[in-house]
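Colleague: Starting from these lines, generate the structure:
(chains A and B)
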Amino acid sequence: MVTEPESKFIRIDDREIPFVHGQTIMDAALAAGVYIPHLCHFPGITPQGNCKLCTVEVDGKPLTACTSPAAAGQRIRNNTPELNEARKALTQMLFIEGNHICPSCEKTGNCPLQAMAYHLGMLHGHFPAQFPVREVDASHPTIMLDRDRCILCSLCVRASREVDGKNVFAIAGRGTHASLIVNTASGKLVDSDIEPSDLAARICPVGAILIKEHGYDAPIGKRIFDQHKINEIGLEKIYIAGAKSDDS
Amino acid sequence: MSEHLHLLHILHELQQKHRYISEASICEVAAQLSLPVSQVRAVVAFYAFFYSTPCGHYHILFSNCTSCGYRAGGTDLLRLLSQKLSVNIGQTRKDEQVSIDETSCIGMCDHGPSLLINGVPLVHVDAEKIEQMAALIEADKPLNEWPSAWFHVKDHIYKRGLLLDSSLSAGDGLRAMLTRGREGTLTEIIQSKLRGRGGAGFSTGLKWRLCQQAAGEAHYVVCNADEGEPGTFKDRMLLQQHADALCEGMTICAYVIGAYQGFIYLRGEYRYLLPHLQATLMHRRKLGLLGTAILGQTGLEFDIDIVVGAGAYICGEESALIESLEEKPGIPRSRPPFPVTHGYLGQPTVVNNVETLIAATHIAYKGSAWFTAVGTPASTGSKLLSISGDCAAAGIYEYPFGVTIQQILEECGADNAQAVQVGGPAGTLLDQTAFHRQIAFEDVGTGGSFMIFNQERDILTIIHQFATFFAHESCGFCTPCRVGTILLKQGLDKIMIGQGARNDMAELQRVSELVRRYSHCGLGHTAANSILDGLQHFPQAFEQQLTQYDYTARFELNAALQEARQLTRHDGKEAHLEQGQD
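Modeller: Numbering: from 1, shown residues only, chains lettered A, B, ... in the order given. Reported below is the predicted structural model:
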């Protein structure tokens, strides 16, 4: 079958962007170097669209860029004050829903959630903090699960199933009681087959899943977001590689 | 697939037997069904009728709906029973005899305050009955020795129209279908302009056509009998009285799209209808109207299984319903792809409402002209309304589309209406200036809920109840709905307790718009409707509760220090702020 990919374009803000069949709006945007804020999306992993930060307006309709197929002629608004204001409010919601104490979190400086807050100009949580009581799972010798910081993005769930070929995590419960659970009879991480080299152990965009004993390997000032901004394309490689070098 | 092997059914049996589902049971069930233990655990945690700690021998769930809820009669019956039985709400009594809690609308809105006791509806509850119930529970009387009238669910039909006036014998629709043929039948459904009765109003004919054309290894028909919108109970009556026409509608759809298997997804609150529905299916198999060689036609094969839910409003959303059919938590899928191409087990699937399928049976039999003669050009046919709240005759009314709200109010004896909530908490809150409007997809759409509030009602209390409902029912998948519905409820809490300032109304507006626009599915898109409608049409209901200040704290500082006082064991005068200090 002959196709002419160059004939297919979408327009994001003022840019014409080519896409090929099967790409989502997010795929096409990232390939063209256009940043759409996102937390629960990771290239190569099936998108789910739960954080809603990547919501763009497609011909006036709000859609998540990570799950919406690109289609020729779409006129998409992305970097607009209204959308960025909504993204900021959603980020604030993620902060106040959990217990995110950046100064005492070893992920600080390497944390996409924190970097997103800076990117969107978030200066405070705005909404009333919910102070949930959540269980910490320190059972595993090398991997820590601190649910206080989990934003239910499910990246670890998907990475474990799709990339690691395991099924270590799941989300259970409803509404604000939703929580990250471990797929073992005991419910404890120590009884799972997760390993520090698994993508699931490294993909967490907050400090909920951490590799033990490497938290302060990179000093403040030399951490990922001391040197990069979250709107740089392709940072995912650095998250993973950075985490790997920490572990060596 | 055999009914009793479905995960939800196995868990229901365990819940009935042990009054909870233990961690050991979860692991056993996972092994038995070859499912990940995390999936079984997630399902147990998701559905409200599964518990991880033991309920009482008598487990009582009061509806908290504005029409059939525990406060609908004026007294707080939930508190009253908990006092009589000395049991804390939401906790099982130490002797494990009884546990009491609340649940979302159980569809008994034409029966006054109602509850589920061990899953069975008990209606027309009042203070006197609470007294008697407490005595029966303390005396350990089994439910079958309780007065049977208490469990009598009656169908109050006050107005019959196009559908309820017609009588069909089992098989009439199917014979007409065979005469018309596959394409002829579909043409008739398309020409009838029948639209989905669940509320969204998608063209039924187009849905069937799209599904028919979709490639797949198998096609499926699913009846959405998860009637969860508070204030709706018309499907309860239809399932009781018109189950044959329903099964026939499913069979007609199956014939059109090429399906051999169908499912009725019945809400857990209607489990008491299960024996009746199973008997209907058995009877139809005996008559040759289900199974193989339907009506003697070789190759015409279709059968129906029933899957019973376990307390989750979100499963009324079609893709969440399919997830639930697939033995998972009811999390709505990302769409596209839509169920017509990727539904149950990833195969093309039609999901239709109970009323839609029954209408399809009648259209197959009587033709599209019979149907389009009633209603408006854009909303053909009739609509069954479940009318409840402040009126003389709560019950089921069938109206042609296009009927005005005013006419409905007059006919059901609501002469003092301040507001009407059409379409349930997810619908539209209307004030008197809108009573001239029509029930129609192009004007005021509804899945059937029609709740009336008279002048004595406090609108803010109603809106607060709706907000509480959505916060409880949000599936938790997406940020705006999971967090936003809680923030909306808390924002209303603050105003209700007199701590709200002008700024809090603006904040409610802002969060409401965010939840409506950015949520993943229909639940989130509609969860803030009543708040937005309320702010627009009933601002005084909010304003009269506000403090004089532009901004106030969400909490009372002195009260908030109580935990610190307890922890530090300092409870003297110096550890208290002076009252009235701002």
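
Colleague: So which elements touch the lengthiest helix in chain B?
Modeller: In terms of residue count, the longest helix belonging to chain B (DSSP state H) is helix B:172-192. Judged by 3 or more CB pairs under 8 Å, 6 or more residues apart in numbering or on different chains; DSSP states H and E, helix B:172-192 is in contact with helix B:204-213, helix B:243-257, helix B:354-366, helix B:368-372. The C-beta positions use only the backbone N, C-alpha and C, and glycine is treated the same way.

Colleague: for the ones you listed, which one sits closest to chain A?
Modeller: helix B:204-213 (17.2 Å; CB to the nearest CB).

Colleague: chain center to that closest one: distance?
Modeller: 26 Å (CA atoms, centre = their mean, to the nearest Å).

Colleague: after that helix comes which helix or strand?
Modeller: strand B:220-225 (DSSP states H and E).

Colleague: Which positions in whichever helix or strand comes after that next one come out as buried?
Modeller: Note on strand B:220-225: by DSSP H and E, the next helix or strand toward the C-terminus is helix B:234-241. By neighbour count with 16 or more other CB atoms under 10 Å in any protein chain shown, helix B:234-241 contains the buried residues B:Lys234, B:Asp235, B:Arg236, B:Met237, B:Leu238, B:Leu239, B:Gln240.

Colleague: mind listing what the second one touches?
Modeller: It stands for B:Asp235. By CB atoms under 8 Å, 6 or more residues apart in numbering or on different chains, the contact set of B:Asp235 is B:Gly107, B:Ala225, B:Glu227, B:Asn353, B:Val354, B:Glu355, B:Gly448.

Colleague: Is there a neighbour count for the closest residue to the fourth one other than its chain neighbours? I'd like the number.
Modeller: By the measure of CB to CB, 6 or more residues apart in numbering or on different chains, the closest residue to B:Asn353 outside its immediate chain neighbours is B:Gly198, 3.8 Å from it. Burial of B:Gly198, expressed as a neighbour count using other CB atoms under 10 Å in any protein chain shown, amounts to 24.

Colleague: And B:Gln191, by the same measure?
Modeller: Counted with other CB under 10 Å, B:Gln191 comes out at 16.

Colleague: CA atoms only: put the top strand by length along chain B into CSV for me.
Modeller: Looking across chain B with DSSP state E, the single longest strand is strand B:382-389. Taking Å, rounded to 0.1, in the frame of the first residue of the first chain, the C-alpha atoms of strand B:382-389 are listed here in CSV:
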residue,chain,number,x,y,z
SER,B,382,-42.3,8.1,24.4
LYS,B,383,-40.3,8.3,27.6
LEU,B,384,-40.9,6.5,30.9
LEU,B,385,-40.4,8.9,33.7
SER,B,386,-39.7,7.9,37.3
ILE,B,387,-41.4,10.7,39.3
SER,B,388,-40.5,11.1,42.9
GLY,B,389,-40.1,13.7,45.6
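
Colleague: coming back round to it: output the helices and strands packed on helix B:172-192 as JSON lines; include the columns mean pLDDT and mean neighbour count.
Modeller: Compiled in JSON lines, the helices and strands packed on helix B:172-192 are given as follows (pLDDT from 0 to 100; neighbours: other CB atoms under 10 Å in any protein chain shown):
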{"stretch": "helix B:204-213", "mean pLDDT": "98", "mean neighbour count": "20"}
{"stretch": "helix B:243-257", "mean pLDDT": "98", "mean neighbour count": "27"}
{"stretch": "helix B:354-366", "mean pLDDT": "98", "mean neighbour count": "27"}
{"stretch": "helix B:368-372", "mean pLDDT": "97", "mean neighbour count": "17"}
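
Colleague: I'd like the ones you listed as CSV, with distance to chain A appended.
Modeller: Shown next, in CSV, are the helices and strands packed on helix B:172-192 (distance: least, CB to the nearest CB, whole Å):
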stretch, distance to chain A
helix B:204-213, 17
helix B:243-257, 25
helix B:354-366, 25
helix B:368-372, 31
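
Colleague: which residues touch A:Asn79?
Modeller: Contacts of A:Asn79 by CB under 8 Å, 6+ apart are A:Asp13.

Colleague: Could you list the low-pLDDT ranges of chain B?
Modeller: Where chain B drops to pLDDT under 70, the residues are B:1-4, B:578-582.

Colleague: can we see that at 50?
Modeller: B:1-3, B:580-582 (pLDDT under 50).

Colleague: Give me the helices and strands touching the longest strand of chain B, please.
Modeller: Using 3+ CB pairs under 8 Å, 6+ apart, strand B:382-389 sits against helix B:234-241, strand B:395-400, strand B:449-454.

Colleague: now for these, which one comes closest to B:Ala127?
Modeller: Of all those, it is strand B:449-454 that lies closest to B:Ala127, at 21.6 Å by CB to CB.

Colleague: what residues does the stretch 351-500 of chain B put near chain A?
Modeller: B:471-480, B:482-487, B:490 (CB under 8 Å from any CB of the partner chain).

Colleague: hang on, the earlier thing: go through the buried residues of helix B:234-241 and say which is closest to chain A.
Modeller: Once CB to the nearest CB is applied, the member of the buried residues of helix B:234-241 that ends up nearest chain A is B:Asp235, at 23.2 Å.

Colleague: how does chain B divide into domains?
Modeller: What automatic domain parsing lists as the domains of chain B is B:3-46, B:58-154, B:159-372, B:382-457, B:460-543.

Colleague: Same question for chain A.
Modeller: A:9-79, A:101-247.

Colleague: possible to save the ones you listed as TSV with mean pLDDT?
Modeller: Output for those, formatted as TSV (pLDDT from 0 to 100):
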stretch	mean pLDDT
domain A:9-79	97
domain A:101-247	93
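
Colleague: want to throw those into JSON lines with distance to B:Ser22?
Modeller: Formatted as JSON lines, the domains of chain A follow (distance: least, CB to CB, whole Å):
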{"stretch": "domain A:9-79", "distance to B:Ser22": "30"}
{"stretch": "domain A:101-247", "distance to B:Ser22": "12"}
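
Colleague: Count residues in the vicinity of B:Thr341, would you?
Modeller: 17.

Colleague: Please name the residues that touch it.
Modeller: B:Leu210, B:Cys211, B:Ala214, B:Gly216, B:Pro348.

Colleague: Where does the stretch 101-250 of chain B get nearest to chain A, residue-wise?
Modeller: For the stretch 101-250 of chain B, CB to the nearest CB, closest residue to chain A: B:Ser104, 11.9 Å.

Colleague: so that residue makes contact with B:Ser474?
Modeller: No. The criterion here is CB atoms under 8 Å, and B:Ser104 misses it with B:Ser474 at 11.9 Å.

Colleague: who has more neighbours, the two?
Modeller: B:Ser474 (29 against 24).

Colleague: so the more buried one touches B:Thr526, yeah?
Modeller: No. Assessed by CB under 8 Å, B:Ser474 is found out of contact with B:Thr526, at 11.6 Å.

Colleague: quick one on the thing from earlier: what pairs with the longest strand of chain B, parallel or antiparallel?
Modeller: strand B:395-400 (antiparallel), strand B:449-454 (parallel) (DSSP bridges).

Colleague: Point out the most buried one among these.
Modeller: For the strands paired with strand B:382-389, the largest average neighbour count (mean count of other CB atoms under 10 Å in any protein chain shown) is found in strand B:449-454, namely a mean of 25.

Colleague: Next, the angle from that strand to helix B:234-241.
Modeller: 130 degrees (axes from the mean of the first three to the mean of the last three CA atoms, to 10 degrees).

Colleague: Chain A versus B:Arg79, what's the distance?
Modeller: 24 Å (CB to the nearest CB, to the nearest Å).

Colleague: can you map out the helices along chain A?
Modeller: A:25-31, A:81-97, A:112-119, A:155-162, A:199-202, A:224-227, A:235-247.

Colleague: Could you pull out the buried residues of the third one?
Modeller: This points to helix A:112-119. Buried-residue list, helix A:112-119, by 16+ other CB under 10 Å: A:Pro112, A:Leu113, A:Gln114, A:Ala115, A:Met116, A:Ala117, A:His119.

Colleague: Can you tell me which of the contacts of B:Asp235 is nearest A:Ser197?
Modeller: B:Ala225 (48.3 Å).
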